[in-house]
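*Asks:* no sequence on this one, just coordinates:
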């Protein structure tokens, strides 16, 4: 009989714990530069940092290499400990030469763990370790479970980075960065605009049917889009408003975080052929209600109901519409509810930005056009889908994809030249065709039609940068970030590109590091970061970044990027190649 006495004597138990995982960013490069000093410095830092775990009620599980793994019975204490560690490391680094500084990356998760006398195991630990891998140097990355426990209990700035597909973790994990750097935490709340300002929070789906989520989100987005077209309003972008989806609403806090005076919240119940909307407009300063109403309609009256909601909000905020705005707001594009619902589904799929979701969006848009061939929005959607294929190198024939995008975009403009997204689509086509002036003309028209279009302002900045006008690009990119305070990570890349073109390589590198932390799968940001490091004389960092790029995309081709990226002056892309060459890269 096999000897199982060791197994019998080992008692395995389970418990719920907060797990903190940390390691040193760029440790291998530090070791390669000066092994003896790196080991000595690490031991010095550990002598200060490790006792802090016990001070916050935690216990050390492992300290292999440059890593720390700790367990806490309290998630609040785990986060407070992480913040204290990063603050202490910032103090210590202030007296050390930049090239020798060590910065911890920290990941925190709550999970069910299995433990015996010697070790603990479980997905809770694995997720914490993977979150540490996508944390910024000197930063902390937490799971949504941790966020739900500490939000409102610890006064920090949280940045929702969305669902992350972590290595060897089956399901995506929603994650948040804790903003600790002085440029963020010490910054005051955004100043209130000099016009009435509003954020429209995602309406709550009261239908009891998850399948209706797209419909409710679509109605919310429509309200945001309609209000954005009013020049007398300042309207927060959909991306930032939707970071509060499914969370407990603290209107005063949201007002401070987004820098707005008013917040609109509500709910939608769709049952059969009936729709009920409740909406309330709230003063974010006082928390008082300015206006509240319930709307009950047949589904076929959905468009007139949306018009009525917008009209009442505008009236409550004492904003006067121009004649052009009144006309534009009443042009819905289609009177067919089925085509409208297909377009909503397609729009939601397109925002996911994966190859599969873009293909699914394309199918939805085509079905919407089959029902109503004069509905401009799905035509613009098909143009944007074809552009995604072209830019992401998904198209078998890139030139044909761009031709297709232009056909759909021009048809969208022909059907309704007062629709901003139609000009957005055509402007993007012209930009990738290197018709920079044509693209900028479309984007200017788009901003006149929708002054609050954050994505449009970002696109304008990108076009200016590619046109060789990088200094001018900074203003529209800043406008995009103000309209969308929880801006998409790609905006960091756009801002980095502008700074790179201005020769501000250090600033560009810092922005790219932040973008990569939020979008670990990016190859384009790693390409530009490696070039930054080359220009900065940081060859080891450049080569390490390039190695990461090839792990992310083994098929990456610099020649393909040179052919696609629409720089007006080929010398601007050549500067990227020169930065790589300085680091000994192709």
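*Replies:* The structure has been received and is ready for your questions. Just so it is clear, the model here is predicted, and its values are computed rather than measured.
*Asks:* tell me the SS of residue 301?
*Replies:* Using DSSP: H, G, I helix; E, B strand; the rest coil, the structure places residue 301 in helix.
*Asks:* how much space between it and residue 268?
*Replies:* 14 Å (CB to CB, to the nearest Å). From N, CA and C alone the C-beta is placed, and that goes for glycine too.
*Asks:* same question, residue 318
*Replies:* 26 Å.
*Asks:* who has more neighbours out of those two?
*Replies:* residue 268 (22 against 8; other CB atoms under 10 Å).
*Asks:* pretty sure that one belongs to a helix, no?
*Replies:* No - counting by three-state DSSP, residue 268 is located in no helix; its state is strand.
*Asks:* let me see the contact set for it.
*Replies:* 203-207, 212, 215-216, 219, 275-277 (CB atoms under 8 Å, 6 or more residues apart in numbering).
*Asks:* could you give the bridge partners of it?
*Replies:* In this entry, residue 268 is beta-bridged to residue 205, residue 277, by DSSP bridges.
*Asks:* any idea of the pLDDT on it?
*Replies:* Confidence at residue 268, expressed as pLDDT, is 92.
*Asks:* if I look at it, how far off is residue 219?
*Replies:* Per CB to CB, residue 268 is found 6 Å from residue 219.
*Asks:* overlap in contacts of these two?
*Replies:* Both residue 268 and residue 219 are contacted by 203, 277, under the criterion CB under 8 Å, 6+ apart.
*Asks:* thought residue 227 was touching residue 233?
*Replies:* Yes - Residue 227 is within contact range of residue 233, at 5.8 Å (criterion: CB atoms under 8 Å).
*Asks:* relative to residue 110, how far out is residue 146?
*Replies:* 6 Å.
*Asks:* ok, the two, which is more surrounded?
*Replies:* residue 146 (27 against 22).
*Asks:* could you give the backbone dihedrals for that one?
*Replies:* Main-chain dihedrals, residue 146, degrees, to the nearest 10: phi -70, psi -40.
*Asks:* now it. Nearest residue, chain neighbours left out?
*Replies:* residue 108 (5.3 Å; CB to CB, 6 or more residues apart in numbering).
*Asks:* that neighbour against residue 58, yeah?
*Replies:* No - look at residue 108 against residue 58 with CB under 8 Å: they stay out of range, at 11.0 Å.
*Asks:* okay, and the common contacts of these two?
*Replies:* Shared contacts of residue 108 and residue 58, counting by CB under 8 Å, 6+ apart, come down to 20, 78.
*Asks:* more crowded one of the two?
*Replies:* residue 108 (31 against 21).
*Asks:* for the helix or strand hosting the more buried one, which strands pair with it and how are they oriented?
*Replies:* Using DSSP states H and E, residue 108 sits in strand 104-115. Sheet partners assigned to strand 104-115 using DSSP bridges are listed as strand 13-24 (antiparallel), strand 120-121 (antiparallel), strand 140-143 (parallel).
*Asks:* show residues contacting the last one.
*Replies:* The contact list for strand 140-143 (CB under 8 Å, 6+ apart) reads 79, 82-83, 86, 105-110, 127-128, 131-132, 134-135, 150, 161, 173-178, 180, 517.
*Asks:* what mean pLDDT does that strand have?
*Replies:* Strand 140-143 comes out with an average pLDDT of 94.
*Asks:* buried residues in it?
*Replies:* Using 16 or more other CB atoms under 10 Å as the test for burial, strand 140-143 gives 140-143.
*Asks:* quick check: the farthest pair among those residues?
*Replies:* Using CB to CB, the buried residues of strand 140-143 span at most 11.4 Å, a distance reached by 140 and 143.
*Asks:* so can I have a markdown table of the buried residues of strand 140-143 showing distance to residue 511?
*Replies:* Listed next are the buried residues of strand 140-143 as a markdown table, based on distance: CB to CB, whole Å:
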| residue | distance to residue 511 |
| --- | --- |
| 140 | 19 |
| 141 | 18 |
| 142 | 22 |
| 143 | 25 |
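*Asks:* okay, angle between the longest helix belonging to the chain and strand 104-115 too, please.
*Replies:* For the chain, the helix that runs over the most residues, judged by DSSP state H, is helix 35-55. For helix 35-55 against strand 104-115, the angle by axes from the mean of the first three to the mean of the last three CA atoms, to 10 degrees is 60 degrees.
*Asks:* any weak-confidence spans in this structure?
*Replies:* 1-12, 116-118, 180-189, 330-332 (pLDDT under 70).
*Asks:* now do the strands in it.
*Replies:* With DSSP state E as the criterion, the chain has strands at 13-24, 59-62, 68-72, 104-115, 120-121, 140-143, 157-164, 173-179, 197-200, 204-205, 234-235, 262-271, 274-283, 289-298.
*Asks:* JSON lines please, covering those strands and showing distance to residue 415.
*Replies:* Shown next, in JSON lines, are the strands of the chain (distance: least, CB to CB, whole Å):
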{"stretch": "strand 13-24", "distance to residue 415": "53"}
{"stretch": "strand 59-62", "distance to residue 415": "62"}
{"stretch": "strand 68-72", "distance to residue 415": "58"}
{"stretch": "strand 104-115", "distance to residue 415": "49"}
{"stretch": "strand 120-121", "distance to residue 415": "59"}
{"stretch": "strand 140-143", "distance to residue 415": "45"}
{"stretch": "strand 157-164", "distance to residue 415": "33"}
{"stretch": "strand 173-179", "distance to residue 415": "38"}
{"stretch": "strand 197-200", "distance to residue 415": "27"}
{"stretch": "strand 204-205", "distance to residue 415": "31"}
{"stretch": "strand 234-235", "distance to residue 415": "25"}
{"stretch": "strand 262-271", "distance to residue 415": "28"}
{"stretch": "strand 274-283", "distance to residue 415": "26"}
{"stretch": "strand 289-298", "distance to residue 415": "26"}
